[in-house]
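*Asks:* Here is a sequence together with a model predicted from it:
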2 protein chains.
Amino acid sequence: MTHPEDISPDPHKAEATYYTIEQVATRTQLTKRTLRYYEEMELLPQAERTEGNYRRYTEDDLQRILYIKSLRELLGFSLGDIRKFLQAEDEREQVRTAFLQQTDVQQKIAQLDRADELIQEQLTLVEQKINGLEQMRHQLLQRLEKHTHKRSILQNS
Amino acid sequence: MTHPEDISPDPHKAEATYYTIEQVATRTQLTKRTLRYYEEMELLPQAERTEGNYRRYTEDDLQRILYIKSLRELLGFSLGDIRKFLQAEDEREQVRTAFLQQTDVQQKIAQLDRADELIQEQLTLVEQKINGLEQMRHQLLQRLEKHTHKRSILQNS
DNA sequence: TCTAACATTGACGTTCACGTTAAAGTTGTG
DNA sequence: CACAACTTTAACGTGAACGTCAATGTTAGA
């Protein structure tokens, strides 16, 4: 019997820690099927492979997967939403890389502008959700307050 | 002397505004199919019907539907979750009705406490989501700020 | 009264987000 | 090297949440 829990990092090869799909599944609380599915749906880049075609995940992959999971579970995004979201993020990364190699100031500013556009899109999405949730929160708090008030009346009778 | 020509079935009943399923669909941005489906799934009570078996929705129905919609879209609840959620809420309504008929102050307070527990559960969920979103919002805003800073440096060169 | 534009209930179809199984290949441990 | 335990892709299956007919009945306005 193997021990999937046994994932102690090797201090000698700290930078080259790879995870099997099983280990990633355990760590992220997703299934192996789901991980392959996310790759198929282009939420994840094609994972690195071993000689025998086994997927090998890096720490970065793991983080991205956890990010995806939070987008899904916390924000309730569909995989389609997430793909768009991540693509915007990836494009922003491209822009950033180009930015570093650019010498023309006007070009650099244009790239910043483009990056800002992408960020703004994401921001709008996030803020819409926050507004809806805040409204809901207020309604719930109002009810609690009303009850507190009622309670004080009852206790003073 | 004014004589009402139409004999209202129940003179005690207030003059109510009714909506057709189409009107509800337009106002809630849901489809007619979805409205029938929600009724079938027992998220909505059986809607009132006209003589010809057409559904007639009340303002209360409309509010409940909008509530269901926000539970789905904002909190990402499944219809099954929502059914349970609403049942808990209906139970709370029962408690409230009992509350009004109750004379024992301790009992009344106990009922308020119970209602608060249910509200608190919902509130915690909502706040967790808000926190996750706020964190995300912060990251995005920070990036925008950083870009603004970079831009000012570029423009002063 | 006529009729266009609504509504009704089945019933089958579709999309999403995976689950499951099968047939095959790979890896690590004894 | 043997072999159990892993992995691969491909393909079909599934439940939720509707979409989309089709056949039929209802309503409101000219």
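*Replies:* Cool, got the structure.
*Asks:* only C-alpha atoms for contact and neighbour calcs from this point on.
*Replies:* Fine.
*Asks:* got the residues of chain A near chain B?
*Replies:* Residues of chain A lying near chain B by C-alpha under 8 Å from any C-alpha of the partner chain: A:74-76, A:105, A:109, A:112, A:116, A:119, A:122-123, A:126-127, A:129-130, A:132-134, A:136-137, A:140-141, A:143-144, A:147, A:151, A:154-155.
*Asks:* ok, of these, which come out buried?
*Replies:* A:74-76, A:109, A:112, A:116, A:119, A:122-123, A:126-127, A:129-130, A:133-134, A:136-137, A:140-141, A:144, A:147, A:151 (16 or more other C-alpha atoms under 10 Å in any protein chain shown).
*Asks:* quick one, the longest helix belonging to chain A and helix B:105-155 angle?
*Replies:* Ranked by residue count, the top helix of chain A under DSSP state H comes out as helix A:105-155. Put simply, helix A:105-155 runs at 170 degrees to helix B:105-155, going by axes from the mean of the first three to the mean of the last three C-alpha atoms, to 10 degrees.
*Asks:* so how far is helix A:105-155 off the chain centroid?
*Replies:* 19 Å (C-alpha atoms, centre = their mean, to the nearest Å).
*Asks:* Packing partners of it?
*Replies:* In terms of contact count using 3 or more C-alpha pairs under 8 Å, 6 or more residues apart in numbering or on different chains; DSSP states H and E, helix A:105-155 is assigned the packing partners helix A:79-101, helix B:105-155.
*Asks:* so does the shortest one get close to DNA strand D?
*Replies:* No: Helix A:79-101 stays out of contact with DNA strand D when judged by C-alpha under 7 Å from any atom of the strand, the minimum separation being 12.9 Å.
*Asks:* what does that helix contact?
*Replies:* Helix A:79-101 is contacted from outside by A:42-43, A:68, A:71-72, A:108, A:111-112, A:114-115, A:118, A:122, using C-alpha atoms under 8 Å, 6 or more residues apart in numbering or on different chains.
*Asks:* mind listing what's buried in it?
*Replies:* Counting neighbours by 16+ other C-alpha under 10 Å, helix A:79-101 gives A:79, A:82-83, A:85-86, A:88-89, A:92, A:95-96, A:99 as buried.
*Asks:* Please convert those to TSV, extending it with pLDDT.
*Replies:* Formatted as TSV, the buried residues of helix A:79-101 follow (pLDDT from 0 to 100):
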residue	pLDDT
A:79	96
A:82	93
A:83	94
A:85	86
A:86	91
A:88	85
A:89	86
A:92	86
A:95	88
A:96	87
A:99	90
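*Asks:* now for those, which pair is the farthest apart?
*Replies:* A:79 and A:99 (29.5 Å; C-alpha to C-alpha).
*Asks:* Closest residue of chain A to chain B?
*Replies:* Residue of chain A nearest chain B, by C-alpha to the nearest C-alpha: residue A:76 (5.1 Å).
*Asks:* wait, isn't that residue in contact with residue B:76?
*Replies:* Yes: Residue A:76 lies in contact with residue B:76 (C-alpha atoms under 8 Å); the separation is 5.1 Å.
*Asks:* Identify the residues contacting the residue most central in space within chain A.
*Replies:* Of all residues in chain A, the one closest to the mean position by C-alpha atoms, centre = their mean is residue A:67, 2.2 Å from it. Contacts for residue A:67 (C-alpha under 8 Å, 6+ apart) come out as none.
*Asks:* same thing with the one 4 residues further on?
*Replies:* Remark: with contacts taken as C-alpha under 8 Å, 6+ apart, residue A:71 is in contact with A:77, A:82.
*Asks:* Need the three-state assignment for it.
*Replies:* When states are read from DSSP: H, G, I helix; E, B strand; the rest coil, the local structure at residue A:71 comes out as helix.
*Asks:* roughly how far apart are it and residue A:86?
*Replies:* From residue A:71 across to residue A:86, the span is 10 Å (C-alpha to C-alpha, to the nearest Å).
*Asks:* State the mean pLDDT of the longest helix of chain A.
*Replies:* Helix A:105-155 carries an average pLDDT of 91.
*Asks:* what's the closest of the buried residues of helix A:79-101 to residue B:26?
*Replies:* residue A:79 (27.3 Å).
*Asks:* what separates the closest one from residue A:42, distance-wise?
*Replies:* The gap separating residue A:79 from residue A:42 is 10 Å, by C-alpha to C-alpha.
*Asks:* And residue A:105, by the same measure?
*Replies:* From residue A:105 across to residue A:42, the span is 34 Å (C-alpha to C-alpha).
*Asks:* Burial check on residue A:30, number of neighbours?
*Replies:* Close neighbours of residue A:30, defined as other C-alpha atoms under 10 Å in any protein chain shown, add up to 15.
*Asks:* meant to ask about residue A:33
*Replies:* By other C-alpha under 10 Å, 11 other residues sit near residue A:33.
*Asks:* Just to be sure, it is in a helix?
*Replies:* Yes: Residue A:33: assigned to a helix according to three-state DSSP.
*Asks:* what's near enough to touch it?
*Replies:* Neighbour list for residue A:33: empty [criterion: C-alpha under 8 Å, 6+ apart].
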